[in-house]
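# pasting the structure only:
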């Protein structure tokens, strides 16, 4: 069974080509339409977000007070490992691919993605990987407890759950590679006449660069976990020190994937925020070209800094110095981006609907995450706080307040386009404020826990850490349950309830019509947008 596109229907038939498309479950199973596939990506990623979030709440339940309350350390470590893997490979990456599928063809004037059937295949690999992740809890020895990084030599001694993880990562990696090829070919070959690369929306630019990153790094991850697999079952000793291997080699190979991967998870969010901020500031983006170059610079530099995750491995001082300074260099193009967003908002006619709130929240909290990253780049400090909750705080400020808030900004911004319905603005703002406040209550105290020396991945802790852990756990539960507001709003729009969306929802919703002023030098007075 295959779907039939409008191109294949002779005009003489005289009836709607809708009759020729598969209905019911076939519409989804055999989907080749970029919008349907984008929708499936987004639904899948939200389900994975809920599963990964449930694991996070189990972790915070155990850490509410010192001593072992509910889970043995082995099970606790399975929760931490699978929370990381599910959130990265199951929630964040597929969500951004869903945004890409939905929006890139619309933004560049293409009829669909370049490879429609490969698009379908790359999606249907995802549920298989997700099932493998989830089932690994129920095999002998349980899920992988070696951490989401799967460091050798610990991962060489894990039970069969580790093999499930390796297989899942392979499958999800193949899905990512196919998605990346599709996005690159679509953007380079299918733009509307007259749309040069430097006229594309920034979301397309950030995804083009991200897709190249994915093509470069996913095979590296595949190599690392394949060597792990052969060490476990086929008698090789790449990482087994007892047989002449080197466990630190695994870290080098893994982080050569892992650091660019961090930018795979944040660059599309930069693109979304670069679309939302100008819309609600009612101004053109300040410095389009500099944003493109900054994105490319971040991507290139991300390949040159992998060993800043490894300062504690006994690296030579010259190596530490290089990786320290190279890491600090990334803050420059990132700063260019933040400056651009702030300059776009400067003296704009801003209104604060939910997408704009999430975009501003993203800029604020992501900047905090960027600063703590700069602090961790300093080798002596990193050695002191390595593997403590300071690192947890840092990357959750980047990933949750970065990737997740960016996604919510885009989801609220484009939901009227996707469903034809407006969401409930009041509930959207509740979602933002509950998320923003509870996020900071959860993760800000972790900076103090880390500086005080609380190690991560421990199910128990010393009594002096109790207060901050209690605060963090309460914040985590509020944060987790406030995500159900978004679920409600999305389902309501999906089911066709709510106000019908006008042709230009963000003019209709604000009661403002606006014209973009002609570009003027930065030092001259720019007439504010016309408000009627």
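Good, I have the coordinates. From a predicted model like this one, the values you see are computed outputs, not experimental measurements.
# was I right to think residue 298 contacts residue 260?
No. The pair residue 298 / residue 260 is not scored as a contact, 9.8 Å apart, by Cβ atoms under 8 Å. Where you see a C-beta, it was placed from the backbone N, CA and C, and this is true even at glycine.
# mind telling me what element the residue nearest to residue 367 when sequence neighbours are not counted is part of?
Spatial nearest neighbour of residue 367, excluding adjacent residues (Cβ to Cβ, 6 or more residues apart in numbering): residue 338 at 5.8 Å. Using DSSP states H and E, residue 338 falls within helix 317-345.
# tally of neighbours for the residue nearest to residue 367?
Neighbours of residue 338 under the rule other Cβ atoms under 10 Å: 18.
# which residues touch it?
By Cβ atoms under 8 Å, 6 or more residues apart in numbering, residue 338 lies in contact with 363, 367, 370.
# count of neighbours near the first one?
Neighbourhood size, residue 363 [other Cβ under 10 Å]: 20.
# gap between it and residue 345?
Distance, residue 363 to residue 345, by Cβ to Cβ, to the nearest Å: 9 Å.
# low-confidence ranges, the stretch 301-450 of the chain, go.
Applying pLDDT under 70 to the stretch 301-450 of the chain flags no residue at all.
# immediately after the helix or strand hosting residue 129, which helix or strand?
Using DSSP H and E, residue 129 sits within helix 116-135. Scanning forward in sequence from helix 116-135 by DSSP H and E, the next helix or strand is helix 161-189.
# so for that next one, what gets flagged as buried?
When burial is assessed from 16 or more other Cβ atoms under 10 Å, helix 161-189 yields the following buried residues: 161-184, 186-187.
# for it, packing partners?
helix 73-85, helix 93-108, helix 116-135, helix 202-233 (3 or more Cβ pairs under 8 Å, 6 or more residues apart in numbering; DSSP states H and E).
# make JSON lines out of those and add mean pLDDT, mean neighbour count and distance to residue 421.
Listed next are the helices and strands packed on helix 161-189 as JSON lines, based on pLDDT from 0 to 100; neighbours: other Cβ atoms under 10 Å; distance: least, Cβ to Cβ, whole Å:
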{"stretch": "helix 73-85", "mean pLDDT": "94", "mean neighbour count": "21", "distance to residue 421": "33"}
{"stretch": "helix 93-108", "mean pLDDT": "95", "mean neighbour count": "25", "distance to residue 421": "16"}
{"stretch": "helix 116-135", "mean pLDDT": "95", "mean neighbour count": "19", "distance to residue 421": "24"}
{"stretch": "helix 202-233", "mean pLDDT": "95", "mean neighbour count": "21", "distance to residue 421": "22"}
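# and residue 465, which of these is closest to it?
Among the helices and strands packed on helix 161-189, the nearest to residue 465 by Cβ to Cβ is helix 73-85 (15.7 Å).
# surely residue 102 meets residue 419?
No. If you go by Cβ under 8 Å, residue 102 and residue 419 don't touch, sitting 11.4 Å apart.
# list the contacts of residue 213.
Neighbour list for residue 213: 260, 263-264, 267, 299, 302 [criterion: Cβ under 8 Å, 6+ apart].
# so which of those are in helices?
260, 263-264, 267, 299 (DSSP state H).
# filter those residues to the buried ones?
Looks like the ones in helices among the contacts of residue 213 have 260, 263-264, 267, 299 buried, using 16+ other Cβ under 10 Å.
# looking at the residues you listed, which is nearest residue 430?
Of those, the one sitting nearest to residue 430 (Cβ to Cβ) turns out to be residue 267, at 29.2 Å.
# go ahead and confirm the closest one touches residue 212.
No. The pair residue 267 / residue 212 is not scored as a contact, 10.5 Å apart, by Cβ under 8 Å.
# list residues touching both of these two?
Shared contacts of residue 267 and residue 212, defined by Cβ under 8 Å, 6+ apart, comprise residue 299.
# how near is residue 333 to residue 274?
Relative to residue 274, residue 333 is positioned 14 Å away (Cβ to Cβ).
# right, I mislabeled it, should have said residue 68
Note on residue 68: its distance to residue 274, by Cβ to Cβ, is 47 Å.
# kindly report the same for residue 235.
51 Å.
# okay, these two: which has more neighbours?
Between residue 235 and residue 274, counted using other Cβ under 10 Å, the more crowded position is residue 274 (24 against 9).
# surely that one and residue 290 touch.
No. Residue 274 lies out of contact with residue 290 (Cβ under 8 Å); the separation is 11.3 Å.
# any common contacting residues for the two?
Joint contacts of residue 274 and residue 290 (Cβ under 8 Å, 6+ apart) are residue 340.
# so the nearest residue to residue 492 once chain neighbours are set aside, which state does it fall into?
Counting by Cβ to Cβ, 6+ apart, residue 492 lies nearest to residue 498, which is 5.7 Å off, once chain neighbours are set aside. Secondary structure, DSSP: H, G, I helix; E, B strand; the rest coil: residue 498 is coil.
# please apply the same query to the one 5 residues further on.
Following three-state DSSP, we place residue 503 in the coil state.
# what about it, distance to residue 497?
20 Å.
# neighbour count for those two, which is higher?
Neighbours were counted for residue 503 and for residue 497 using other Cβ under 10 Å; residue 497 has more, 11 against 7.
# so how far is residue 490 from that one?
Separation of residue 497 from residue 490 (Cβ to Cβ): 11 Å.
# just residue 191 next, same as before
Using Cβ to Cβ, residue 191 is found at 30 Å from residue 490.
# now swap in residue 38 and tell me
The spacing between residue 38 and residue 490, counted by Cβ to Cβ, is 14 Å.
# which one's more surrounded, those two?
A direct count of neighbours by other Cβ under 10 Å for residue 38 and residue 490 places residue 38 higher, at 25 against 19.
# measure that one to residue 414 for me?
10 Å.
# repeat that for residue 386.
Applying Cβ to Cβ to residue 386 and residue 414 gives a distance of 40 Å.
# in the helix holding residue 338, which residues are buried?
Quick answer for helix 317-345 (16+ other Cβ under 10 Å): 320, 322-324, 326-327, 330-331, 333-334, 336-338, 340-341, 343-345.
# with stretch 398-417 instead?
398-416.
# likewise stretch 428-435?
428, 431-432, 434-435.
# quick one: contacts of that stretch?
Contacts of stretch 428-435 (Cβ under 8 Å, 6+ apart): 353-354, 357-358, 361, 405, 408, 412, 478-479, 482-483, 485-486, 489.
# could you redo the last one with a cut-off of 7 Å?
Under the criterion Cβ atoms under 7 Å, 6 or more residues apart in numbering, residues 354, 357-358, 361, 412, 478-479, 482, 485-486, 489 lie in contact with stretch 428-435.
# which of those residues count as buried?
354, 357-358, 361, 412, 479, 482, 485-486, 489.
# adding secondary structure as columns, could you present the residues you listed in a markdown table?
As requested, the buried ones among the contacts of stretch 428-435 are exported to a markdown table (three-state DSSP):
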| residue | secondary structure |
| --- | --- |
| 354 | helix |
| 357 | helix |
| 358 | helix |
| 361 | helix |
| 412 | helix |
| 479 | helix |
| 482 | helix |
| 485 | helix |
| 486 | helix |
| 489 | helix |
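# quick check, nearest of those residues to residue 43?
Distances from residue 43 to those, taken by Cβ to Cβ, are shortest for residue 486, at 12.6 Å.
# what is the orientation angle of whichever strand or helix holds residue 277 with helix 93-108?
When elements are assigned from DSSP H and E, residue 277 belongs to helix 267-281. Following axes from the mean of the first three to the mean of the last three Cα atoms, to 10 degrees, one obtains 50 degrees for the angle between helix 267-281 and helix 93-108.
# now for helix 267-281, which elements pack on it?
Here helix 267-281 touches helix 93-108, helix 202-233, helix 288-301, helix 317-345, helix 354-377, helix 405-419, going by 3 or more Cβ pairs under 7 Å, 6 or more residues apart in numbering; DSSP states H and E.
# I'd like those written out as a markdown table, with distance to residue 456 added.
What follows is these, written out as a markdown table (distance: least, Cβ to Cβ, whole Å):
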| stretch | distance to residue 456 |
| --- | --- |
| helix 93-108 | 23 |
| helix 202-233 | 22 |
| helix 288-301 | 26 |
| helix 317-345 | 20 |
| helix 354-377 | 13 |
| helix 405-419 | 23 |
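# nothing else from me, thank you.
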